Each structure stands twice: as C-alpha cells, then as structure tokens.
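J.: give me the fold of what follows.
(one chain, ligands or ions: 2)
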Amino acid sequence: MKTQVCIIGGGPSGLLLSQLLHLQGIDNVVLERQSRDYVLGRIRAGVLEHGFAELMREARCGERMDREGEIHEGFFIAHDGRMDRVDLHRYSGGSSVIVYGQTELTRDLYEARDRMQGTVVHDVQDVQLHDIAGTSPSVSYRKGDERVRVECDFVIGADGFHGVSRKSIPAGVLSEYEKVYPFGWLGVLSRTKPVSPELIYARHERGFALCSLRSQVLSRYYIQVPLSDKVEDWSDEDFWAELRRRVPSEVAGRLLTGPSIEKSIAPLRSFVAEPMRYGSLFLAGDAAHIVPPTGARGLNSAASDIHYLYHAMLGHYRDGDDSGLDGYSAKALARVWKAQRFSWWMTTMLHTFPDSLAYDRKLQDTDLAYLFSSEAAMRSLAENYVGLPF
Ligand code: FAS
Ligand code: PHB
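T.: Numbering: from 1, shown residues only. Ligands and ions are numbered 1, 2, ... in the order given. Model (predicted):
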C-alpha cells in the first residue's frame, strides 16, 4: 500500500487529521488496533473548547455537534457547602465551551470518513514503524495472517498513551516528564436528568466530585477514589450515596439516580514526551501528552496538535514549505505545557491529597478565595478553560 500520510490510531486525533487532509486532497490511511465498536464503546471526554469545535466544522463534521451539543457559558465550583459560578462568557471575552461527548464526535468522524471513502483499517495487529529517521519511511502491520506494508512520506503517531509510535523513538532522543496523582476518578454514566444545567466541580474533604452531562437525558458523574479501589468495590448505591455527601445539600437533594450504564476508574497522570517529532514521525494527542481530566484539557490538547499538523502538511504538499513541519514540535509543546499547567492547577486546587499538610489545605482554601475575589484570577481560569488560542 502507498500513501502520503500514514496515521496510526483511529481515535479523535487520527480521524480528525485524516478527514482534514483528505478534504485537501492529501492521501492518507488510518490504522486502528481495535474494532470500530470497541473505539465507540469508550466513554471519555465531554467538554469541547472553541478551537476543537471550529476544527470539527472545518472538517465538515460539526453539524450534529452544533445541533445536539450544548453551549455552556459557565460552570460551578462547590466548596464549603456553597456554590460559586465561574462566568466563562464574561471573563473569557464572550467565549464558551460545547458539551458534546467524545464518543459522539468520534462517531461523526467515522461517518465522515465513510462518506468520503476514507481508508480506515481496523483490527490491525503488531504495527511497526520502519526507517522513520531515514528517507523511505513505512509502517507495517499484521491483519489476520497477512503482513501489509504501507509506504508513505510521513507517519502520524495518534495512537494514544499506550501506542507504539512514541516507543519507536530512540530512548536517547526522547525526554519524558510525568507526574502520577495518588488517586483516580470513578466515573458513572446514567440515563437520568442531569442534576444541574451547568457542570459542578466539587471540592470536599471526602474527595473531589464532578457533576457533568452528555445531554438532558444522559448524566456523567465522577468521584475521586483511592488508587487501590476497583470498580467492583463500588455498587451503584454506594456511588450515589458518596456523590451526595460531596456536593452541597441543595444539589444532593435534587440528584436523580439510576442504574449505571457505564462505570470505570481512570487513573490521573500528567505526562509530556518531547520532542513530538522524530524524522518523518509526528506525535499527536495522547501519544505525546496526558493531563488529569480536571481541566477538561485532554481531548482539547489534541486539537492544537492536529491544527498545527494539518497546516504543516498543507504547507509541505501545496507550497513546498516545510517550516510548519520543522516548527511543529516546539509550537505544539508550547501550548501543551500551558494545558499541563492549568490541569495540574485545577487538580491541585480541588482534590484531597492523602499526604497533604495542613498548610497545603490552607493554600487550597486560599486559591479558591483568591479566584472568587479577583477578576484577574477569574479571567485566567476562563481563558484556559475555553481554550488558549492556537
Ligand atoms: P486515543 O487514546 O483516544 O486514541 C488512540 C487510538 O489508537 C485508540 O483507538 C487505540 O485503540 C489506537 N491504538 C493504540 N495503539 C495502537 C497501535 N499499536 N496500532 C494501531 N492503533 C493503536 N479527556 C477529557 O478532556 N475529559 C475526560 O473526562 C477524559 N476522560 C478520559 C478517560 C479515560 C479512561 C482516558 C483514557 C482518557 C480520558 N480523557 C479525557 C482524555 C481523552 O479524551 C483523550 O485526550 C483523547 O482520547 C485523545 O484522543 P487520541 O489522541 O485520539 O487518543
Ligand atoms: C465529562 O463530562 O466527562 C468531563 C467534563 C469536564 C471535565 C472532565 C470530564 O473536566
């Protein structure tokens, strides 16, 4: 098989770039380890920043997002039994976010690939990258008992944290920066009316909680749990009881509960791999960086990688200009690290840390007090949450 761009990973990063390139006549293939149903069965991000939504529209995949997604102009932080609102619209200069599940946007991207007869190969095994530091890069994979080689100009590593791409960069070249948090998020999806029209991030001495949603009939809730917890340790009843303890009584009193249709624990980590380019290999999305979901920056950090790569590829194929490719890693990392900082800050402010000092907890109190007493602090939070410019 020959193509111009071989994309490893059929998650949102890989699919969005594939769609954008195809629309510009740049030939590409997507290689995905899992089946389509498996990819669409994963429940992940829920909040899209302005930049991601614009990219979806540019990729001609934004219609359902604009029809079914909810524009949110603020969210609440619950603490000390009360609720304070973060007015995103006011403090970001009129911007907002869209609440629209990653599952749905991934479905929209797959359907767009199908409509354009894009090449997405599922259930590929043993993907290997070849000569990415040389002049004849290629990617090989096994499908059934057949081994296939894809000759290409560029390889995009959009294969997530556990993918093969980042691991194909020689250890001596790659620098990895990681911070693992001493807790995880137990998430539940339920077919219930959301408890609040806007998200509620709750700080509580028992642990963090988040009340989110996917639609007016589909709610998404999280509670912080110790790393030692397993999903099977938590019955639905126990989950709902603990969530009620961590939110203000006015919220607990109107919480509608129901059976969980998905329940999982996600560990929290901050991670960045540098550089995001090695020869003809370019890393994008979770393959290069991970954030704790407290700042809703996970999926949204992938957006700017895709934006920069898309324009760099256009420059190369349309104008013979490689400045975008040569500058990709530094430019992407500059924005990635700002998302890392914001996610670390939100996580540190809102979670309980097992080994925290009384002094640390006073700083958390002060962070919140400063936030709700300073327009400058609120503007800083708002501009990060709606998405810094690309
Ligand atoms: P993805 O991991 O989504 O996709 C990579 C794809 O590559 C996968 O489909 C995988 O099957 C495939 N792949 C892996 N190895 C391969 C190989 N060797 N060959 C071929 N294919 C391979 N972000 C938020 O903003 N809010 C959240 O609440 C949130 N919750 C999350 C919960 C969990 C459990 C996880 C893991 C992530 C969560 N995230 C959240 C972050 C998440 O949304 C990611 O940022 C997003 O999935 C990034 O998309 P991709 O970069 O496409 O990576
Ligand atoms: C979600 O709805 O899954 C969600 C929303 C906001 C976050 C994290 C997760 O910060």
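J.: how about the residues of the stretch 201-350 of the chain near ligand 2?
T.: 212, 220, 293-294, 296 (Cβ under 6 Å from any ligand atom). Where C-beta positions appear, they are placed from N, C-alpha and C, glycine not excepted.
J.: domain map for this structure?
T.: 5-71+97-178+270-350, 181-268+351-386 (automatic domain parsing).
J.: using a markdown table, lay out those domains together with mean pLDDT.
T.: A markdown table is the format used below for those (pLDDT from 0 to 100):
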| stretch | mean pLDDT |
| --- | --- |
| domain 5-71+97-178+270-350 | 97 |
| domain 181-268+351-386 | 97 |
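J.: including distance to residue 87, could those go into JSON lines?
T.: Conversion of those to JSON lines gives the following (distance: least, Cβ to Cβ, whole Å):
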{"stretch": "domain 5-71+97-178+270-350", "distance to residue 87": "13"}
{"stretch": "domain 181-268+351-386", "distance to residue 87": "7"}
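J.: tell me the most buried of the ones you listed?
T.: Stretch with highest mean neighbour count among those: domain 5-71+97-178+270-350 (a mean of 20; mean count of other Cβ atoms under 10 Å).
J.: that domain near ligand 1 at all?
T.: Yes. Domain 5-71+97-178+270-350 is in contact with ligand 1 by Cβ under 6 Å from any ligand atom, via 8-14, 31-34, 39, 44-46, 102, 124, 127, 158-160, 162-164, 285-286, 293, 296, 298-299, 302.
J.: which ones among the residues you listed map onto helices?
T.: Under the assignment DSSP state H, the residues of domain 5-71+97-178+270-350 next to ligand 1 contribute 12-14, 39, 102, 298-299, 302 to helices.
J.: from these, which is closest to residue 369?
T.: Nearest to residue 369 out of these is residue 298 (Cβ to Cβ; 28.0 Å).
J.: quick check: the closest one touching residue 290?
T.: Yes. Using Cβ atoms under 8 Å, residue 298 is in contact with residue 290, at 7.2 Å.
J.: how about residue 256, what does it touch?
T.: For residue 256, the contacting residues are 192-193, 195, 219, by Cβ atoms under 8 Å, 6 or more residues apart in numbering.
J.: phi and psi next, for it.
T.: phi -100, psi 120 (degrees, to the nearest 10).
J.: residues from the stretch 51-200 of the chain in reach of ligand 2?
T.: residue 199.
J.: find the closest residue to ligand 2 in the stretch 51-200 of the chain.
T.: residue 199 (5.9 Å; Cβ to the nearest ligand atom).
J.: wait, that residue touches residue 76, no?
T.: Yes. At 7.0 Å, residue 199 and residue 76 qualify as touching, with contact defined as Cβ under 8 Å.
J.: does the closest residue to residue 292 other than its chain neighbours belong to a helix or a strand, and which?
T.: Of all residues not flanking residue 292 in the chain, residue 268 sits nearest, at 4.0 Å (Cβ to Cβ, 6 or more residues apart in numbering). In the assignment (DSSP states H and E), residue 268 maps to strand 260-274.
J.: can you check residue 362 too?
T.: helix 358-371.
J.: just list what that helix packs against, helices and strands only.
T.: strand 74-79, helix 323-350, helix 375-386 (3 or more Cβ pairs under 8 Å, 6 or more residues apart in numbering; DSSP states H and E).
J.: could you dump those into CSV with distance to residue 93 added?
T.: Listed next are those as CSV, based on distance: least, Cβ to Cβ, whole Å:
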stretch, distance to residue 93
strand 74-79, 14
helix 323-350, 17
helix 375-386, 8
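J.: quick one, strands of the stretch 1-150 of the chain?
T.: 5-8, 28-31, 47-48, 70-72, 74-79, 82-87, 97-99, 119-121, 125-130, 138-143, 146-151 (DSSP state E, counting those that start in this stretch).
J.: was I right to think residue 5 contacts residue 28?
T.: Yes. Residue 5 is in contact with residue 28 according to Cβ under 8 Å; the separation is 4.0 Å.
J.: any residues in contact with both of these two?
T.: Residues touching both residue 5 and residue 28 (Cβ under 8 Å, 6+ apart): 17, 21.
J.: return the residues in contact with the residue of the chain found nearest ligand 2.
T.: Residue of the chain nearest ligand 2, by Cβ to the nearest ligand atom: residue 46 (2.4 Å). Contacts of residue 46 were listed using Cβ under 8 Å, 6+ apart, and they are 99-102, 212-214, 220, 296.
J.: now the end-to-end length of stretch 213-233.
T.: 24 Å (Cα to Cα, to the nearest Å).
J.: returning to what we had before: contacting residues around the residue nearest to residue 292?
T.: 180-181, 183-185, 292-294, 347.
J.: closest one of those to residue 119?
T.: Of the contacts of residue 268, the one sitting nearest to residue 119 (Cβ to Cβ) turns out to be residue 293, at 31.5 Å.
J.: quick one, what contacts the closest one?
T.: 45, 185, 266, 268, 343 are the contacts of residue 293 under Cβ under 8 Å, 6+ apart.
J.: tell me the SS of the second one?
T.: Per DSSP: H, G, I helix; E, B strand; the rest coil, the local secondary structure of residue 185 is strand.
J.: can you pull the phi/psi pair for the closest residue in space to it that isn't next to it in sequence?
T.: Of all residues not flanking residue 185 in the chain, residue 222 sits nearest, at 4.5 Å (Cβ to Cβ, 6+ apart). In terms of degrees, to the nearest 10, the main-chain angles of residue 222 are phi -140, psi 150.
J.: distance of residue 222 from ligand 1?
T.: 8 Å (Cβ to the nearest ligand atom, to the nearest Å).
J.: equivalent analysis for residue 111, please.
T.: In terms of Cβ to the nearest ligand atom, residue 111 sits 16 Å off from ligand 1.
J.: ok so, going back, which of the contacts of residue 268 sits closest to residue 151?
T.: residue 293 (37.9 Å).
J.: okay, how far is it across stretch 82-93, tip to tip?
T.: 26 Å.
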